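In: With the input below, show me the fold.
(one chain, ligands or ions: 1)
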Amino acid sequence: MNKKVIIIGGEGNGGVIASCIEDNRNRFHDYEWQVYGFLNDYEKGKTINGYRVHGGLDEIDKFLKEDVFFIFAIHMIGRNELIERTFLNLEIPDERFAIIKHKTAFIANNAILEPGVFIMSNAYVGPVARIGKCSLVMANALIGHNTSCGRLCHFSVGSIASSYVQIGKVADVALGAKVLEKRKIGDFGVAGAGSLITKDIPDYEIHTGTPAKFFRRVKDN
Ligand SMILES: CC(C)(COP(=O)(O)OP(=O)(O)OC[C@H]1O[C@@H](n2cnc3c(N)ncnc32)[C@H](O)[C@@H]1OP(=O)(O)O)[C@@H](O)C(=O)NCCC(=O)NCCS
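Out: You can find the predicted model right below:
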């Protein structure tokens, strides 16, 4: 109860995570987590959505010595390799990541959420699905049964990944994108906003449109 969580990131995904924790507390009387503040290299000494920014990412070591947990909220769509590099530099042990789920989300009892996963309101995670470490599942995203993703993936608001979809690491299913069953999205791959993915997306590629076609490669810096 009242475990402290530091959000690594900014007002976008980080603000959403903070609002989820507050809603769980205020409306659902779920006091498992409390927001302890943010770490953000660009907002040191300021506040984000009213929460204190304790410092930059170089403060992680200090907080690892304290009784706090972390959630990694940095996700820049199309700059997927940079996200992973930033994450790996932090060297946060798995047991120090919070798993945060909004109370209105459906998560099947045999789905697996790895450390650091965030699941927002009205999301659905079906049976035998596996959500990789520090992946973000935003509001109304639907992840079908037996679908899996690697670490640091991001399912934007209203996206749908059908069943038996295999998604690599640091990949995106963007706003309202839909992925047909049994398709694959490679490492650092992106299903662009509003796309219908009928063919596999290779590593590093962004596909858009309905049916989706190659759009460009993700940036490598
Ligand atoms: C695929 C994506 C990354 C492309 O971004 P981008 O490279 O910055 O592309 P631009 O915005 O510069 O657009 C370039 C062109 O592609 C088109 N385009 C961009 N995204 C498109 C998409 N998803 N589907 C179809 N066409 C798209 C634009 O209309 C533009 O066309 P034009 O040259 O004829 O004017 C972006 O569209 C996307 O999907 N972003 C994710 C949004 C999201 O999920 N946000 C999360 C919020 S929680």
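
In: Identify the residue spatially nearest to residue 150, adjacent ones excluded.
Out: Leaving aside its sequence neighbours, residue 150 sits nearest to residue 169 (C-beta to C-beta, 6 or more residues apart in numbering; 3.4 Å). For the C-beta atoms, the positions are set from N, CA and C on the backbone; glycine is no exception.

In: Check the gap between that neighbour and the ligand for me.
Out: 18 Å (C-beta to the nearest ligand atom, to the nearest Å).

In: That residue and residue 148 touch, don't they?
Out: No: here residue 169 lies out of contact with residue 148, judged by C-beta atoms under 8 Å, at a distance of 11.1 Å.

In: shared neighbours of those two, anything?
Out: Common contacts of residue 169 and residue 148 (C-beta atoms under 8 Å, 6 or more residues apart in numbering): residue 132.

In: can you tell me which residues contact residue 9?
Out: With C-beta under 8 Å, 6+ apart, residue 9 has these contacts: 38, 40, 72, 73, 74, 75.

In: ah, wrong one, I meant residue 41
Out: So residue 41 contacts 56, 57 (C-beta under 8 Å, 6+ apart).

In: Need the pLDDT of it.
Out: pLDDT for residue 41: 97.

In: what do you get for the one 4 residues further on?
Out: According to the per-residue confidence, residue 45 scores 93 in pLDDT.

In: same question, residue 220
Out: Taking residue 220 on its own, its pLDDT is 72.

In: The spatially most central residue of the chain and residue 23, how far apart?
Out: In the chain, the centroid-proximal residue (C-alpha atoms, centre = their mean) is residue 136; its distance is 1.6 Å. Distance of residue 136 to residue 23, given as C-beta to C-beta, to the nearest Å: 16 Å.

In: go on, residue 119?
Out: Taking C-beta to C-beta, one finds residue 119 at 13 Å from residue 23.

In: Please apply the same query to residue 111.
Out: Taking C-beta to C-beta, one finds residue 111 at 22 Å from residue 23.

In: Between the two, which is the more surrounded one?
Out: Neighbours were counted for residue 111 and for residue 23 using other C-beta atoms under 10 Å; residue 111 has more, 21 against 16.
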